[in-house]
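Chemist: Quick one, structure for this:
(one chain, ligands or ions: 2)
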Amino acid sequence: MTASLIDGKAHAAKLRADVRHQATRLLQEYGLQPGLAIVLVGSDPASDVYVRNKVRQAAEAGLASLEHRLPTETSEAELLALIEQLNGDPAVHGILVQLPLPAHINESKVIHAIAPSKDVDGFHPINVGQLSAGQETLIPCTPYGVLLLLRNTLPSLEGLHAVIVGRSNIVGKPMAQLLLSEHCTVTLTHSRTRNLANVVRGADIVIAAVGKPRLVRGDWIKPGACVIDVGINRVVENGEPYLVGDVAFNEVVEIAGAITPVPGGVGPMTIACLLRNTLIAACGSRGITLSNAL
Ligand SMILES: Nc1nc(=O)c2c([nH]1)NC[C@@H]1CN(c3ccc(C(=O)N[C@@H](CCC(=O)O)C(=O)O)cc3)C=[N+]21
Ligand SMILES: [Mg+2]
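Modeler: Ligands and ions are numbered 1, 2, ... in the order given. Below is the predicted model of the structure:
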């Protein structure tokens, strides 16, 4: 049996249409347009593509987006001053500082400086803590997108065994918290996990987020499992540049029940969730309750 494909692109388009719909209503009923500030320090070509995509998709969803491109030599103090200004700007509801930052800037300091209510990445310790306490908060965009894909793919998540490969602050850890809130049994694995293949074999849900091309193999997968590939690895094979996930897609597609492709899986959902978080933050700034369409 071949797995069904989880079409992240289509799900993301639906989510963006919903954001656009709600943004239109916010503007009509409250005169409020959600604003997203995107800060990019230096010029990494990959970051450049993401930022351009985010700006375009924000505009299409009816959000105001304000792009701040700073030179690589920007000092930490200058960046912190910009964040202070954005924190105080009533037209800005969401602030995203594109990571990674140049080596001379302390990432943790920058994340701490962002007002938690505008932290649409969900990286501020206040938001991290609220998520781990199971409280409502701004959720990191990639795990949020994965959760929406899972909810749309599986009839229920309750009681399922989810194995997450990768314990990053950006994906693995918040993913574990979210799935616990969904009543999954969660195993969080990483590079030192012993007998990783055997642990993954017990999973009803596999989330691969380690940044190792095609690490998860076909014979690691319980037949029918739902496999979410968060990896976006740039490789060159036969002289051609390729985007490959953390999952050996050609093998796993033969065993799994459902699988996300790379590209076109989790990536588009990450950006759509960023837009949704900006909408949520804008509503929060005025005490407006957002109907949860998804
Ligand atoms: N503060 C911060 N927040 C982020 O959320 C953040 C960040 N920094 N730094 C970089 C990573 C990476 N990231 C991606 C988002 C969408 C795609 C995406 O849409 N990918 C497409 C393919 C894009 C391509 O072809 O390169 C896909 O998977 O189909 C990829 C990567 C967000 N990041
Ligand atoms: Mg690791």
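Chemist: and the chain, which of its residues are near ligand 1?
Modeler: 49-50, 96-99, 121, 141, 232, 243, 262-264, 267-268, 270-271 (Cβ under 6 Å from any ligand atom). From N, CA and C alone the C-beta is placed, and that goes for glycine too.
Chemist: can I assume residue 272 sits in a strand?
Modeler: No. Judged by DSSP: H, G, I helix; E, B strand; the rest coil, residue 272 forms no part of a strand; its state is helix.
Chemist: wait, isn't it in contact with residue 18?
Modeler: No. If you go by Cβ atoms under 8 Å, residue 272 and residue 18 don't touch, sitting 9.0 Å apart.
Chemist: Those two: who's more crowded?
Modeler: Comparing residue 272 with residue 18 by neighbour count (other Cβ atoms under 10 Å), the higher total belongs to residue 272, at 27 against 19.
Chemist: low-confidence ranges in this structure?
Modeler: Counting by pLDDT under 70, the ranges of the chain that qualify are 291-294.
Chemist: Where is the longest helix in it?
Modeler: helix 8-30 (DSSP state H).
Chemist: helices and strands around that one, which ones?
Modeler: Judged by 3 or more Cβ pairs under 8 Å, 6 or more residues apart in numbering; DSSP states H and E, the packing partners of helix 8-30 are helix 45-60, helix 141-153, helix 266-285.
Chemist: could these be laid out in TSV, adding distance to ligand 2?
Modeler: Putting the helices and strands packed on helix 8-30 into TSV (distance: least, Cβ to the ion, whole Å) gives the following:
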stretch	distance to ligand 2
helix 45-60	20
helix 141-153	16
helix 266-285	18
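Chemist: Need the winner for burial among those helices.
Modeler: helix 266-285 (a mean of 24; mean count of other Cβ atoms under 10 Å).
Chemist: then it to CSV, C-alphas only?
Modeler: Taking Å, rounded to 0.1, in the frame of the first residue of the first chain, the C-alpha atoms of helix 266-285 are listed here in CSV:
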residue,chain,number,x,y,z
VAL,A,266,5.4,21.5,6.5
GLY,A,267,7.3,24.5,5.0
PRO,A,268,4.2,26.3,3.5
MET,A,269,2.3,25.7,6.8
THR,A,270,5.1,27.4,8.8
ILE,A,271,4.5,30.7,6.9
ALA,A,272,0.7,30.4,7.0
CYS,A,273,0.9,29.9,10.8
LEU,A,274,3.1,33.0,11.1
LEU,A,275,0.3,35.0,9.4
ARG,A,276,-2.2,33.4,11.7
ASN,A,277,-0.1,34.2,14.8
THR,A,278,0.1,37.8,13.6
LEU,A,279,-3.7,37.9,13.3
ILE,A,280,-4.0,36.4,16.8
ALA,A,281,-1.5,39.0,18.2
ALA,A,282,-3.5,41.8,16.6
CYS,A,283,-6.8,40.6,18.1
GLY,A,284,-5.1,40.2,21.5
SER,A,285,-3.9,43.8,21.3
